[in-house]
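Engineer: Got a sequence here, can you model it:
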Amino acid sequence: MLVFAAQATERLKYILDEILLHRYGLTYTITDNPDYFIASKTPKIYYGTHIIEGCVNIPAGSLLFDESIVAQKLEVIDHPNWIKYFYGFTYQNIPDFKTTTVYLPFDVLAASFYLLSRYEEYLGLATDEHNRFKAENSLAFKHHFLEIPLVDCWVQNLTKNIQKCYPNLTLNQAKFKQINTIDIDFAYKYKGLSRCAKWRKFLGSILRKKIDFAVFNPPQHDPYDTYDFMLKAANEKKIETLFFLLLADYGSYDKNISPKSDVFIHLAKTLAQTNACGIHPSYKGSLISKLYKQEHHYFKSIFGKDATLNRHHFLKIKLPLSYQKMHKMGIIHDYSMAYAKHTGFRASTAQAFKFFDVINHQTIPVWVHSPCVMDVTLKQALKLNPDQAKQKIKLLKEITKQTGGEFISIWHNSNFDSAENWENWSEVYVSLFE
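Structural biologist: Numbers count the residues shown, from 1 in each chain. Modelled structure (predicted):
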C-alpha cells in the first residue's frame, strides 16, 4: 500500500502500523511526492486535504503532525455507516470522477490514534480516589460509545471502502477470541494465613461487626479455593485462562498471603502446570519502583523465569510511566486497559494493540489487551443483580463477536463466597462461556 502524507511523523507511522500492518497484514510506504503518488498503479491512500481520483482519500487534520499535547475541540457526529465519528471534514469542489474514488467524511487515522493512544488521559483531567483516569471524563462515556469497540467498527467500514477501489486486494479479517482472566488478590480466605494475619483478620471482622470465628477453626474446603470450578467451566468450552498473581508484602490494598509462603508457592506452581500465569503488580508496587522490582523478583523465584504477562492491581495504571516500566521488566502483554467502575472498551477497541508513548513520540513494544467486563464492576459499581449481569455480559460478548475482537473478562477466585454476598454469582461466571 502506498500512502501519501505531507510528513511521515511517528504518530502517523504508529497508526498506519496498527491499521494497515497489524490488522490488514499490509506493508506500506509513505511518500510526500504527489507526482510519484499519482503515477503509481499500486493500491494507495491519499492522506491530505483534497481528493485524488482513483484511490482512497482520508482527510488529514493536524493531530498526527503535531508534537504537542493539547485539549482537542471534538464534535462527535452520529453516522449510519461509521456509527460515530469526530475530526469531520467537508471537501470542496468534488469532481465528477471517471474511475472509482473513495473519500471519507472524517480523519479516521487521527480519530483512531486519539482513542488508541489514550490521548485524553494525558490532559490532566480529574482522577478518582485511587488516582485513576475516570471513565466519566472520556469521550466514549460522554458520547455513549464506551460499550462499542468503535475503532474496530471503523476498521471494518474502512475495509469496505478500500475494497471498493481495490476489489482484488486481500485484507486480513479479524477473528473472534475469548480469553478468561483471573486475578488472585486473595489466594485463600483462611488457608496459609500467618498467626499475625489470622489475628488481623479476626480483629477486622470484629470492627465490621461480622465476627469470623472460622479464622481459628477454618472449614475443610476454603471458600476462596474455587480454582477447579473456574477452570472446569472455561476448559469445557476450550477457553484459554490466564492467572494474575498478587505478589506483594502486606499493605492497605495488598492483602494476599505471603508470596514467600509454601502454600502460595504450591498454588502458583500447580496453576502454571496447565495455564499461563502473569504478574499482578500491587497497589503500592505501581507507585514505588523498588517494590515493583521486588514483586518481579518474587515471580522469577517462583516460576524460574521473568513475567511476560501483566495486569495491575486495582487497574492502577499511569500513562506512559506504567508501560515504560513494564517494558523495562520484560512484559510483552498487558491486560490493565479497563475501567474499574464501568464496563466497556477503554481504548475503544477489542483488538490487541501496541502502546504509543505520546510524550516521547515512540511505540513501546507492549501489546495492550482490553478487558471489557469485571465481576466487581458488575456487582459493586453498577449494582447489577446476577440476571442483569448475565445480560450485560451477553451484550458485550455479542458486539465483540461482530467486530472480531478479543472478549476478555476479569474475575476473582474470591468472589463466589455467599458469606460475602456473592450468592448465585457462580452462575454469572458460567454465563461467560455460553
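Engineer: which residues in the protein form helices?
Structural biologist: Along the chain, counting by DSSP state H, helices occupy 10-16, 34-39, 108-116, 139-142, 150-165, 195-207, 227-235, 262-272, 289-303, 321-328, 375-376, 386-402, 425-431.
Engineer: out of those, which comes closest to Glu67?
Structural biologist: Proximity to Glu67 (Cβ to Cβ) singles out helix 10-16 among the helices of the chain, at 8.5 Å. Glycine gets a C-beta too; all of them are placed from N, C-alpha and C.
Engineer: in that closest one, what's buried?
Structural biologist: 11-16 (16 or more other Cβ atoms under 10 Å).
Engineer: Would you mind writing the CA trace of that helix as PDB?
Structural biologist: Extracted in PDB, the C-alpha atoms of helix 10-16 (Å, rounded to 0.1, in the frame of the first residue of the first chain):
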ATOM      1  CA  GLU A  10       5.900   8.900  14.500                       C
ATOM      2  CA  ARG A  11       2.200   9.400  15.200                       C
ATOM      3  CA  LEU A  12       1.300   8.700  11.600                       C
ATOM      4  CA  LYS A  13       3.600   5.700  11.300                       C
ATOM      5  CA  TYR A  14       2.100   4.200  14.500                       C
ATOM      6  CA  ILE A  15      -1.500   4.300  13.400                       C
ATOM      7  CA  LEU A  16      -0.600   3.100   9.900                       C
END
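Engineer: Which neighbouring elements make contact with it?
Structural biologist: Helix 10-16 is packed against strand 29-31, helix 108-116, strand 353-357, strand 362-368, with contacts defined by 3 or more Cβ pairs under 8 Å, 6 or more residues apart in numbering; DSSP states H and E.
Engineer: can we see that at 10 Å?
Structural biologist: In this structure, helix 10-16 packs against strand 2-4, strand 29-31, strand 44-48, helix 108-116, strand 353-357, strand 362-368, with contacts taken as 3 or more Cβ pairs under 10 Å, 6 or more residues apart in numbering; DSSP states H and E.
Engineer: okay if I get the helices of the chain as JSON lines plus distance to His22 and mean pLDDT?
Structural biologist: Shown next, in JSON lines, are the helices of the chain (distance: least, Cβ to Cβ, whole Å; pLDDT from 0 to 100):
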{"stretch": "helix 10-16", "distance to His22": "10", "mean pLDDT": "98"}
{"stretch": "helix 34-39", "distance to His22": "24", "mean pLDDT": "97"}
{"stretch": "helix 108-116", "distance to His22": "11", "mean pLDDT": "98"}
{"stretch": "helix 139-142", "distance to His22": "21", "mean pLDDT": "98"}
{"stretch": "helix 150-165", "distance to His22": "10", "mean pLDDT": "98"}
{"stretch": "helix 195-207", "distance to His22": "46", "mean pLDDT": "81"}
{"stretch": "helix 227-235", "distance to His22": "27", "mean pLDDT": "98"}
{"stretch": "helix 262-272", "distance to His22": "29", "mean pLDDT": "97"}
{"stretch": "helix 289-303", "distance to His22": "28", "mean pLDDT": "97"}
{"stretch": "helix 321-328", "distance to His22": "17", "mean pLDDT": "98"}
{"stretch": "helix 375-376", "distance to His22": "30", "mean pLDDT": "98"}
{"stretch": "helix 386-402", "distance to His22": "18", "mean pLDDT": "98"}
{"stretch": "helix 425-431", "distance to His22": "31", "mean pLDDT": "98"}
